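Undergrad: A predicted structure for the sequence below; I have some questions about it.
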Amino acid sequence: MELYSFFNSSTSYRVRIALALKGLDVTLNPVNIRVLEHKAPEYLKKNPAGGVPLLQDEGFSLGQSMAIIDYLDAKYPEPRLIPQDLQQRARVLEISNLISCDMHPLNNLRVLRYLVKELGVSEEAKNAWYAHWIAEGFGGLEQLLERVGSGNYCVGDQVSLADCCLVPQVVNAQRMGCDLSAFPRVLAVYEHCSALPAFQRAAPAQQPDYQP
């Protein structure tokens, strides 16, 4: 099994967490999206969407982090990251989609680069854009976590896809200097999960392509 990944990509980070939680061995192939390696012709042959992560497993190639984690959960169901219980599954997917669909796309590197290089947005305005969508997204997430009675994890008493999504989003928000003090439930989940060995192994600083 091979994973094409960039150390600072939150989508790659999600998949690395899932792989580590399931104890799966993977060959990591770094793709530096800062210098547009994901747009190179050879990489586009592997992943026409031109993004990371990309999983290759016994001749099967799959992009998109949520699809990859669903695939891993079906093939290697322990520990299960997407619950089988109908309502718990729905809650986990609700939280995961809030992060992966509502928050992340507005703040990923290609969007920030377009704002600056194509639209001429200042660094200050770019950072304000980032902080606005982080605050709006985490504001909604905080209320969802209160609704489900979150503790160490987003939903229930074990790790799920929602936690795999939350931790990378918090890491990126902190790296961008966002104040997250208004979201205590978000931070409680982040702090607990970040201390778990699987999450630590998946962290950006532990990756072979890490750049301070």
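TA: On my side now, so go ahead. Numbering: from 1, shown residues only.

Undergrad: List the buried residues in the host helix or strand of Ile134.
TA: Assigned by DSSP states H and E, Ile134 falls within helix 123-148. For helix 123-148, the neighbour count (16 or more other Cβ atoms under 10 Å) marks 126, 129-131, 133-135, 137-138, 141-142, 144-145, 148 as buried. For glycine as for every other residue, the C-beta is placed from the backbone atoms N, C-alpha and C.

Undergrad: Likewise for stretch 54-69?
TA: So, applying 16+ other Cβ under 10 Å, buried residues of stretch 54-69: Leu54, Leu55, Gln56, Asp57, Leu62, Gly63, Gln64, Ser65, Met66, Ile68, Ile69.

Undergrad: and Pro212, what pLDDT?
TA: pLDDT, Pro212: 89.

Undergrad: what's the spacing between it and Gly50?
TA: Per Cβ to Cβ, to the nearest Å, Pro212 is found 26 Å from Gly50.

Undergrad: And Arg201, by the same measure?
TA: For Arg201, the distance to Gly50 (Cβ to Cβ) stands at 27 Å.

Undergrad: do Ala195 as well
TA: Applying Cβ to Cβ, the value for Ala195 to Gly50 is 35 Å.

Undergrad: More neighbours: which of those two?
TA: Set side by side, Ala195 and Gly50 show more neighbours around Gly50, with 16 against 10, by other Cβ atoms under 10 Å.

Undergrad: The more buried one contacts Glu37, correct?
TA: No - using Cβ atoms under 8 Å, Gly50 and Glu37 do not qualify as a contacting pair, with a distance of 10.1 Å.

Undergrad: where do the contact lists of these two overlap?
TA: Common contacts of Gly50 and Glu37, defined by Cβ atoms under 8 Å, 6 or more residues apart in numbering, comprise Tyr43.
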